[in-house]
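[1] got a sequence here, can you model it:
(one chain, ligands or ions: 1)
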Amino acid sequence: MNQTERPDVVTVSGLRKEFDGGGVVALDDVSFTVPEGQLLVIIGLSGSGKSTLLRHLNGLHQPTAGSVEVLGTDVVAASGRDLQHLRRDVGFVFQQFNIVGRLSCIENVLTGALGTLRGPRFGARMYPKALRRRAIEQLDRVGLADRAWQRTDTLSGGQQQRIAIARTLMQQPRIVLADEPVASLDPEISGQVMDVLFRCCVEDNITVLCSLHQVDLAIDWAHRLLGLRDGKVVLDSPVDGSVDHARIMEVYRRLDPTGAKLDEYAIEQLPARIPA
Ligand SMILES: Nc1ncnc2c1ncn2[C@@H]1O[C@H](COP(=O)(O)OP(=O)(O)OP(=O)(O)O)[C@@H](O)[C@H]1O
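    Below is the predicted model:
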């Protein structure tokens, strides 16, 4: 099945989000759909609305207007119980990893399965054997099976983010939302983390929506780019030969506060290898 024949798992329509009583419009009439198994990268300047958009997809924000449907659930109308159910299928990977440094890697990964268990667990051996096996499989997937019993805070930043992804995979999500997952990592390590997300997508058919600052990484790994500027969608393009260089640059154009001219911030950083 090619990407266009796959069912949509995310449908966002006319989404608007205001903060501070309307003083800040973070999202303005945002509409798009995402088919199952796609890696969609959301790009845009700081403050363009990327995090706010991702947080609407698992009900962390309530919109001012518009609708959000994820895996058939109307996220805006969903009860607390419905959202709890949805969040089992929708994993979230954060920029700051949000792992417990003093725990071993396998314990951190196992906590991804806590939603399926009753009561707390203290130590990896308190988890059922089948889950321990699954945790090792996830560690293997992110290339860190040999670190299973090591304290997580002894790992590098990139390795810690891979542990966080393994923990998310442990809950067997159908969608992974990743908010700037490589923001604090150097380019080579960032590539390793994006490779893990890409493989989840193509090997396990997990849909990934990921926000990134780095255009070159986005082009290297995304199936499709969604560009936000001032809360509006200004680019929605597959990443293939048809990626329009000028339109990607447009995402990064920032209006001068005087309205007099455009600031070409970040344009010079665009890689030469953007497909023509
Ligand atoms: N809780 C909040 N209260 C008030 N304003 C907010 C809140 N959350 C976000 N905003 C504002 O909404 C706009 C979009 O913010 P958002 O964090 O979504 O941008 P972003 O593209 O993710 O930025 P970055 O790349 O820096 O993370 C910004 O103007 C921000 O200041």
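
[2] distance of Ala78 from Thr11?
    14 Å (Cβ to Cβ, to the nearest Å). Using the backbone N, CA and C atoms, a C-beta is placed for each residue, glycine as well.

[3] let me know the next secondary structure element after the helix ranked longest in the chain.
    Taking DSSP state H as the criterion, the chain has its longest helix at helix 187-204. Per DSSP states H and E, the first helix or strand lying C-terminal to helix 187-204 is strand 207-212.

[4] is the following helix or strand past that following strand in proximity to the ligand?
    Downstream of strand 207-212, the next assigned helix or strand under DSSP H and E is helix 215-221. No. Helix 215-221 lies out of reach of the ligand by Cβ under 6 Å from any ligand atom, never closer than 12.9 Å.

[5] from the contact counts, what lies against helix 215-221?
    In terms of contacts (3 or more Cβ pairs under 8 Å, 6 or more residues apart in numbering; DSSP states H and E), helix 215-221 is packed against strand 39-43, helix 187-204.

[6] show the average pLDDT along it.
    The pLDDT scores in helix 215-221 average 90.

[7] any idea how far the following helix or strand past it is from the middle of the chain?
    Once the chain leaves helix 215-221, the next helix or strand it forms, by DSSP H and E, is strand 224-229. Taking Cα atoms, centre = their mean, to the nearest Å, the mean C-alpha location of strand 224-229 is offset from the chain mean by 13 Å.

[8] related to what we said a few turns ago, Ala78 and Thr11 - which one has more neighbours?
    Legend: neighbour count by other Cβ atoms under 10 Å for Ala78 and Thr11, higher for Ala78 (18 against 15).

[9] quick one: contacts for that one?
    Gly59, Leu86 (Cβ atoms under 8 Å, 6 or more residues apart in numbering).

[10] Val234 now?
    Gly227, Leu228, Arg247, Glu250, Val251.

[11] tell me the SS of the fourth one?
    The three-state assignment at Glu250 reads helix, by DSSP: H, G, I helix; E, B strand; the rest coil.

[12] tell me the spacing between it and His213.
    16 Å.

[13] likewise the first one?
    In this structure, Gly227 and His213 are separated by 12 Å, where distance is defined by Cβ to Cβ.

[14] then the last one?
    Taken as Cβ to Cβ, the spacing of Val251 relative to His213 amounts to 11 Å.

[15] more crowded one of those two?
    Ranked by neighbour count (other Cβ under 10 Å), Val251 and His213 place Val251 first, with 21 against 15.

[16] that one and Leu235 touch, don't they?
    Yes. The pair Val251 and Leu235 qualifies as a contact (Cβ atoms under 8 Å) at a distance of 5.2 Å.

[17] what's the overlap in contacts for those two?
    Ile43, Gly227.

[18] where do the strands sit along the stretch 51-200 of the chain?
    Using DSSP state E, counting those that start in this stretch, the strands of the stretch 51-200 of the chain run over residues 65-70, 73-74, 90-93, 175-179.

[19] need the contact partners of the second one.
    The set of residues external to strand 73-74 that reach it, using Cβ under 8 Å, 6+ apart, is Ser67, Val68, Asp82, His85, Leu86.

[20] same thing with the third one?
    Judged by Cβ under 8 Å, 6+ apart, the contacts made with strand 90-93 from elsewhere in the structure are 54, 57-58, 70-71, 112, 161, 164-165, 168-169, 171, 173-179, 181, 197.
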